[in-house]
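Chemist: model the structure of this input:
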Amino acid sequence: MSFVFVGSTTAQVTDEPSVERFGFQAGVNISNMNFNEGEPAPSVNIPSSWKTGFTFGFQVRIPLVDKLLLQPEYTFSEKSGSDKSLGIDYTIDYFSLPVLLSYELFPRFNIVAGPQLEILVSAGSTENGIHSNITHDVEERGIGILGGVEFTVINSFFLSARYLQGLNHVGIGQRSDVKEFKYQSVFITAGVRF
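Modeler: Prediction:
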């Protein structure tokens, strides 16, 4: 902070950098539907099946204190997975609401962490080449904890890498025929702030 004296008046001049308040990001997510963490757990361990989807969204950055920002986001994510024990592939779309804290660890390098709420948009399954709409058979809400890093490459362009661990059991099925899983997802995105 510096001051410039002009006659008998004082004008305040700040040299603090401005914060880009809004941002847009898009990229890929790699997800695993971990059926081994369902309730009850399967009698035979189901192999992991990491599958690729996409994600895009909008973020708002609100300065709190020095180097710390509140960063709520509004994103759409397509997550895919597979139950290898049954040979069924799944694609599940969510509207996600991460509420993150972003801390500038080094210049141009931030760490982010916080909870993420997910609301189901649509869901489908594919078995033996036959696709089925299972939106009404899938748990409508999910919650997880998200953490990661963001690196500002140049000007307002940034890259981000994050990991999401689902906390609640997500059920697929109806009544007594329900199987559950927890999500694990890795997100890699690029974005711009303005």
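
Chemist: just the strands in this protein please.
Modeler: 2-6, 9-13, 22-34, 51-60, 62-65, 68-83, 88-106, 109-127, 130-133, 141-154, 157-166, 170-174, 177-193 (DSSP state E).

Chemist: quick one: closest of those strands to residue 43.
Modeler: strand 177-193 (12.2 Å; CB to CB). Using the backbone N, CA and C atoms, a C-beta is placed for each residue, glycine as well.

Chemist: list the buried residues for that closest one?
Modeler: Buried residues in strand 177-193, defined by neighbour count with 16 or more other CB atoms under 10 Å: 179-187, 189, 191, 193.

Chemist: need the strands of the chain in JSON lines with mean pLDDT, can you?
Modeler: Below are the strands of the chain laid out as JSON lines (pLDDT from 0 to 100):
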{"stretch": "strand 2-6", "mean pLDDT": "45"}
{"stretch": "strand 9-13", "mean pLDDT": "46"}
{"stretch": "strand 22-34", "mean pLDDT": "96"}
{"stretch": "strand 51-60", "mean pLDDT": "96"}
{"stretch": "strand 62-65", "mean pLDDT": "95"}
{"stretch": "strand 68-83", "mean pLDDT": "95"}
{"stretch": "strand 88-106", "mean pLDDT": "96"}
{"stretch": "strand 109-127", "mean pLDDT": "97"}
{"stretch": "strand 130-133", "mean pLDDT": "95"}
{"stretch": "strand 141-154", "mean pLDDT": "96"}
{"stretch": "strand 157-166", "mean pLDDT": "97"}
{"stretch": "strand 170-174", "mean pLDDT": "85"}
{"stretch": "strand 177-193", "mean pLDDT": "93"}
